[in-house]
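Novice: Return atomic coordinates for the entry below.
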Amino acid sequence: MYFCDQFLIKYMNHYETVFILNPVLSDDQVKETVKKFEDYLSKKGAEIISTEHWGLKKLAYSIQNKQSGFYNLIDFKAPPTVIDSFELELRRDERIMRYLNVKLDKFADAWSVKRRERNTKKA
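Specialist: Below is the predicted model:
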């Protein structure tokens, strides 16, 4: 078991997950949902790098007869084995309207760092 743990820690990939939450949720419910998924990832051995709340945005097309949704981004590093179970949790939650998981390569990783730095300077 020890070798397996060391192997997974050594080979963690960088991921970004964007998900859209139902617009009828309150701010507390949105924060609670984001916290739920951060905790889930942490329990599975992921390292949360950053979380961004992009707010209520208009959708390009209606989803579940909704015209808007709360956008959120979680930037994290995790072993590849975590992603399947994480996506299953996202599909099970009825508050999630859509989600997208992306594995970042070295170029996207560098861009992600620049984006975070730019956002911290604005705040």
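Novice: burial measure for the spatially closest residue to residue 51 that is not a sequence neighbour, as a count.
Specialist: Distance criterion C-beta to C-beta, 6 or more residues apart in numbering; nearest residue to residue 51, sequence neighbours excluded, is residue 74 at 5.3 Å. C-beta coordinates here come from the backbone N, C-alpha and C atoms, glycine included. Neighbourhood size, residue 74 [other C-beta atoms under 10 Å]: 21.
Novice: check contacts around residue 74.
Specialist: Taking C-beta atoms under 8 Å, 6 or more residues apart in numbering, we find residue 74 in contact with 16-17, 34, 37-38, 41, 48, 50-51.
Novice: which SS class is it?
Specialist: Under DSSP: H, G, I helix; E, B strand; the rest coil, residue 74 falls in the strand class.
Novice: need the longest strand for the protein.
Specialist: strand 47-63 (DSSP state E).
Novice: Just give the strands next to that strand in its sheet, each with its orientation.
Specialist: The strands that strand 47-63 pairs with in its sheet are strand 66-78 (antiparallel) (by DSSP bridges).
Novice: Following the chain onward from the partner strand, which element is next?
Specialist: helix 82-92 (DSSP states H and E).
Novice: can you give me the offset of that following helix from its chain's centre?
Specialist: Centroid separation for helix 82-92 versus its chain: 11 Å, with C-alpha atoms, centre = their mean, to the nearest Å.
Novice: No more questions from me, cheers.
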